[in-house]
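Chemist: sharing a sequence plus its predicted fold:
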Amino acid sequence: MWWKAVVFDLDDTLYPERQYVTSGMRAVAAWIERMLGFPAPRSFEELCELSEAAERGRTFDRWIEAHGLDPRVWISRMVQVYRCHSPQIQPYPDVVPVLQRLASCFGLGLVSDGYLETQRKKWDALNLAGFFQVAVFTDELGREHWKPSPLPFRTVLDRLAVPAERSVYIGDNPHKDFCGARRIGMGTIRLRRCDGLHCDLHLPGADNTPDAETSNLFDIEFQLARMAANIRTRTLRTA
């Protein structure tokens, strides 16, 4: 096989990000009950409704406004609870069987974006580290090197000791997942899961366009073989 390494995104690639949001809102609702006395079940329902309806990142602002509380006092504390809770999340059903097969053929890596403590807690909760040789959390490199910076992709490949042209990155978000990987010469596959937060997002331009696309991981091995065949065909034509 042409490919030597397969590198994965985390959120909405290996597990449903909405699962994490639900877990976080439940943790915040329990905290609200302890700190403010509002019943946790009702607060949880309100927060979930707002997270679906409000602009991303504005859920707590809207909840605070609705309850007439001082945002300067409470919002940062709610955000901290959300980011630092121990999440109740599970991998997608296709993840473990596919990783088992891929791990026997390729080096496996992870590049995950977001606040370091949050992403590490997700990673620990998913119990997938045993399949991976390398996990790079972009926050360790500095906020300026969150995706789409090429640095985390170079870092994971350096640690795997695999050249970019023999590796593939699998992610879900065209806003940031493919640009950095493509700039260093990696192949790219978009995993467009039907429940993903970015499922309907489309961005024009070559940097944001993956080499292949699929809706589930069971198709990944076929996509890898097809991409490798295309590379061999191009090589023969230019030889």
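Modeler: Looks like it arrived, so ask away. The structure displayed is predicted, hence computed values, not measured ones.
Chemist: give me the contacts around the worst-scoring helix or strand of the chain on mean pLDDT.
Modeler: The least trusted helix or strand in the chain, going by mean pLDDT, DSSP states H and E, turns out to be helix 220-238, with a mean of 83. Residues outside helix 220-238 that contact it (Cβ atoms under 8 Å, 6 or more residues apart in numbering): 1-3, 6, 98, 101-102, 168, 170, 187, 189, 211-212, 214. For the C-beta atoms, the positions are set from N, CA and C on the backbone; glycine is no exception.
Chemist: which segments of this protein make up each domain?
Modeler: 5-16+91-238, 18-84 (automatic domain parsing).
Chemist: deepest of those domains, which one?
Modeler: The highest mean neighbour count among the domains of the chain, using mean count of other Cβ atoms under 10 Å, belongs to domain 5-16+91-238: a mean of 18.
Chemist: from the middle of its chain, how far away would that one be?
Modeler: Mean-position distance between domain 5-16+91-238 and its chain equals 9 Å (Cα atoms, centre = their mean, to the nearest Å).
Chemist: in the protein, which ranges drop under the pLDDT threshold?
Modeler: Along the chain, segments meeting pLDDT under 70 span 54-55, 204, 235-239.
Chemist: that one: helices as residue ranges?
Modeler: 17-36, 40-53, 59-66, 71-84, 95-103, 116-126, 151-160, 179-183, 220-238 (DSSP state H).
Chemist: how far off centre is the longest one?
Modeler: Going by Cα atoms, centre = their mean, the spacing between the C-alpha centre of helix 17-36 and its chain's C-alpha centre is 20 Å.
Chemist: residues touching it, excluding its own?
Modeler: For helix 17-36, using Cβ under 8 Å, 6+ apart, the contacting residues are 11, 38-41, 43-44, 47-48, 51, 59-60, 69, 77-78, 81-83, 85, 87-90, 122, 195-197.
Chemist: OK, contacts around Val156?
Modeler: Val7, Gly109, Leu110, Val111, Val134, Val136.
Chemist: hey, what's the second one bridged with?
Modeler: So that's Gly109. Val7, Val134 (DSSP bridges).
Chemist: that one and Ala129 touch, don't they?
Modeler: No: between Gly109 and Ala129 there is no contact, the gap being 11.5 Å when judged by Cβ atoms under 8 Å.
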